[in-house]
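> 3D, please:
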Amino acid sequence: MKKILKISLLILCLLILVVFSVFLLLNISLSEYKLDKNKLVDLTRTVNYYDVNGNLILEKSNGQNVVDFNEINDYTKNAFISIEDKRFYSHNGVDYKGVLRAVKNNLLSRSYKEGASTISQQLIKNTHLSSEKTIKRKFAELKLAKELEKNFTKDEILEKYLNTIYFGDNCYGISNASNHYFGKKASELTIAESAGLAGMIKAPSNYSPLNNFDKFNSRKNLVLKEMYLQEYLSKLEYENALKEVLNFKTNTNETKFDYFYLANKEYSNIVNATPYSTTKDVYTYYDPKIQCVLENTFQDFDDNFDKTVVITNKFGDVISYYSSCGERYRQIGSTIKPLLVYAPAIQENLVSEMTPLLDEKTDFNGYCPSNYTDKYYGYLSVKDSISKSSNVCAVKLLNSLTIEKAKKYLNKTDIQLTNNDNFLVIALGATEKGATLTQLAGAYNLFINNGNYTPTSCIKSYGKLSGIKRKSTKIFDDDVVYIMNDMLKSVVTNGTAKKLSYLDFDVYAKTGTVGDKNGNTDSYCISYTGDYVVAVWVGVKEKEQATNTLTGGGLPTIIAGNLLSEIYKNNTSSNITKPENVVEVKIDRFAYENDHNLVLADENAPERFTISGIFRNESIPKTKSTRFSKPNLEKPKTTVNQNEFIVYLCQTEYFDIKIFKTINDKKMQVFDSKTAIDKKAYKERLLPNNKYEFTAIPYFDNGKEIFYGEEIVLGKIKTPSIELGDWWLENL
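Take a look at the predicted model:
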């Protein structure tokens, strides 16, 4: 027993020694971290933006407005406490109950999804520490949070926290946030507005009402529920706050969102920037010449619509941006078709650009899509169906491809479909989330980058980093992309983007229009060359009525044409090269137009009887026509009337026909369509008391060689010795 006791004491001593050593080492390693009271009040942050040439183009400084603690409503303070740190007034900077709960939940989920940072810890992290997730940084955070609590009262800590927290859109502090989002002072915030701002700070960009109102609203309601459960609100206050309609600060026509609005949004997302960060140097892809062209063109269209334009280079770098309303998630209409339907269908070898599709009113198990103005074209090639933007054909293709396969392709881009996007209507761009114009421009970029998708970016590098790495994903094969480009070129030459056809260089485009029976709300033209993607959106202003004057082939295409014309005023467009595994083949016109089948043309076929198209090697038709190498004559109609034998010929447009007569065992040629005046019929007067046999041989003469088909019997006739009434009726 004494031996066991000694061993236990020894183990205990060793544990105490280990714990003491750990704390000693920890204190030594954390000695560099000290509370700096000056950092808690210095609210200046500067970011220097440089253009693609390395020239300083903008110095963005944020002198933040500070609001006194007594000027903030109690329910505003309580909104943040209820969702961020419900035991704020009872702990000493570290919420040990919260830490244990987070550790437990993270262990159960085998992740690091749940944190336990108090308001004091968050203030320390934002003002004193980096955003790296390391144990050392976490211990430093705990140490400084306790020091913070020793030097300041709870109200002072909460005041500093509310004046420094980040609310997205380069907006820091409750005073700036209330003005930015609601156009009012912090002291004027309502309960619902306070809850909305408190809910945002978990992920400002994700929960911004300007980016995603539904997420913002859901988070706001969660905060209100917590305030009610923690008895900061009465039941009546809670219910009224849930019903409150929020009025966000709207932008006037004079307010424009330029390139640095977009760049700063991106910078705020990729860097855990705070008002206390040291001066940052941000190097962008901003091209001042093209931005100047864009802004001048933008001002030329002074109308009652909102507009946004994004221009990227072939690598997905955003080089120019301008908007009257900022980045918004919108329904993207038919611009989704190449990405979700056509390119995946070609990739899966379901179709080629020449595959015929029947464009007619069709019922897909209760869903009946309509074409624009209810116009239907009958049989169309896949290529023509996209140039005419046939909704029926797009839905047919998606139905054959399957929604599951199509989504796998699109979800490799930043245009994400959800589990609720499981209906054929997504072929027409009606999705749950929609997309921003920048995301759409980035997706189309893969068509000039050999099927490789790279997320768009404004920022090349920042601070001491040499560059921001963006993962490139191969989505479509080179040959698929080339065929899609050929199809989207036809949208310009004879389709919905025909207003671009005046440009004297190769342009590819897809238009899109979003609307209903009341009119249209959104219109797009996504155009590109071998160098740039020019994405244009034009839409009705918020709370304004839809209109039928707005279409993708109208104003957006005109704007895109003006921009491309100016961009290439003194430049030459790069060509898109054809891969080796894309071949141009000739299709038999007769089989295509009459039987709606893809059959390779006879090698001897004249040009007028062929249609050219490009194919992937593996999708070239297997069947080959012998219409001219081995002419096949279908038995023509023959009649005898008033002793006259008549042969009606209907295939002489493809090949010639010789007709032979055998009479009393003597055979002779009596007709050759090649030299005949009347090529459509042969007639002969029959004599009494004779035996006739008429035969025909089809042949094709290409000028070098004559190809003969099989001889067929047209008819055998025996005439009576004398002409008796209508004898031929019985004879035949």
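
> Does residue 189 touch residue 197 like I think?
Yes. Using C-beta atoms under 8 Å, residue 189 makes contact with residue 197 at a distance of 7.4 Å. For every residue, glycine as well, the C-beta is placed using N, CA and C.

> For those two, indicate the residue with more neighbours.
The residue with more neighbours, out of residue 189 and residue 197, is residue 197; 29 against 23, by other C-beta atoms under 10 Å.

> Pull the residues that contact the one helix or strand that one maps to.
Element membership for residue 197, per DSSP states H and E: helix 191-200. If you take C-beta atoms under 8 Å, 6 or more residues apart in numbering as the criterion, helix 191-200 is touched by 73, 75-76, 79-80, 82-84, 167-168, 174, 177-178, 181-182, 189, 207-209, 216-217, 219-224, 227, 233, 237, 240-242, 244, 246.

> Out of the residues you listed, which end up buried?
Listed as buried from the contacts of helix 191-200 are 75-76, 79-80, 82-84, 167-168, 174, 177-178, 181-182, 189, 207-209, 216-217, 219-224, 227, 233, 241; burial here means 16 or more other C-beta atoms under 10 Å.

> Residue 717 in helix, strand or coil?
The three-state assignment at residue 717 reads strand, by DSSP: H, G, I helix; E, B strand; the rest coil.

> pretty sure it contacts residue 692?
Yes. Applying C-beta under 8 Å, one finds residue 717 in contact with residue 692, separated by 4.4 Å.

> intersection of neighbour lists for these two?
Joint contacts of residue 717 and residue 692 (C-beta under 8 Å, 6+ apart) are 645, 686.

> Give the helix, strand or coil label for residue 505.
Going by three-state DSSP, the secondary structure assigned to residue 505 is coil.

> Count the residues that sit near it.
Residue 505 is flanked by 15 other residues according to other C-beta under 10 Å.

> Provide a list of residues in contact with it.
Applying C-beta under 8 Å, 6+ apart, the residues near residue 505 are 529, 568, 572-573.

> one more time with 10 Å
Listed by C-beta atoms under 10 Å, 6 or more residues apart in numbering, the contact set of residue 505 reads 529-531, 564-565, 568, 571-575.

> Just the buried ones out of those, please.
Among the contacts of residue 505, those classed as buried by 16+ other C-beta under 10 Å are 529-531, 564-565, 568, 573.

> Make TSV out of the residues you listed and add secondary structure, distance to residue 497 and pLDDT.
Shown next, in TSV, are the buried ones among the contacts of residue 505 (DSSP: H, G, I helix; E, B strand; the rest coil; distance: C-beta to C-beta, whole Å; pLDDT from 0 to 100):
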residue	secondary structure	distance to residue 497	pLDDT
529	coil	13	97
530	coil	17	95
531	coil	18	96
564	helix	11	97
565	helix	14	95
568	coil	17	95
573	coil	16	90
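
> Farthest pair within those residues?
Using C-beta to C-beta, the two most remote members of these are 530 and 565, lying 16.1 Å apart.

> in which helix or strand would I find the residue nearest the centre of the chain?
The residue lying closest to the centre of the chain (C-alpha atoms, centre = their mean) is residue 440, at 4.1 Å. Using DSSP H and E, residue 440 sits within helix 437-444.

> Distance from the chain centre to that helix, please.
6 Å (C-alpha atoms, centre = their mean, to the nearest Å).

> Could you do stretch 190-208 as well?
On C-alpha atoms, centre = their mean, the centre of stretch 190-208 falls 28 Å from the chain's centre.

> now the strands for the stretch 151-300 of the chain?
257-258, 280-284 (DSSP state E, counting those that start in this stretch).

> Figure out which of the ones you listed is closest to residue 371.
Of the strands of the stretch 151-300 of the chain, the one closest to residue 371 (C-beta to C-beta) turns out to be strand 257-258, at 34.9 Å.

> Who are the packing partners of that closest one?
Applying 3 or more C-beta pairs under 10 Å, 6 or more residues apart in numbering; DSSP states H and E, one finds that strand 257-258 contacts helix 288-300, strand 318-323.

> Packed most tightly, which of those would that be?
strand 318-323 (a mean of 25; mean count of other C-beta atoms under 10 Å).

> could you give the angle of it to helix 437-444?
Interaxial angle, strand 318-323 versus helix 437-444 (axes from the mean of the first three to the mean of the last three C-alpha atoms, to 10 degrees): 140 degrees.

> partners of strand 318-323, with directions?
Taking DSSP bridges as the criterion, strand 318-323 forms sheet pairs with strand 257-258 (antiparallel), strand 305-313 (antiparallel).

> Switch these over to JSON lines; also include mean pLDDT.
Listed next are the strands paired with strand 318-323 as JSON lines, based on pLDDT from 0 to 100:
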{"stretch": "strand 257-258", "mean pLDDT": "84"}
{"stretch": "strand 305-313", "mean pLDDT": "95"}
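
> Which stretch among those strands is buried most, on average?
Of all the strands paired with strand 318-323, strand 305-313 has the most neighbours on average by mean count of other C-beta under 10 Å, namely a mean of 23.

> okay, that one in PDB with CA atoms only?
What follows is strand 305-313 as a C-alpha-only set of coordinates in PDB (Å, rounded to 0.1, in the frame of the first residue of the first chain):
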ATOM      1  CA  PHE A 305     -32.000  51.600 -66.000                       C
ATOM      2  CA  ASP A 306     -29.300  50.200 -63.600                       C
ATOM      3  CA  LYS A 307     -26.200  49.000 -65.400                       C
ATOM      4  CA  THR A 308     -23.100  47.000 -64.500                       C
ATOM      5  CA  VAL A 309     -20.100  46.100 -66.700                       C
ATOM      6  CA  VAL A 310     -17.300  43.700 -65.800                       C
ATOM      7  CA  ILE A 311     -14.200  43.200 -68.100                       C
ATOM      8  CA  THR A 312     -11.700  40.500 -67.500                       C
ATOM      9  CA  ASN A 313      -8.700  39.300 -69.400                       C
END
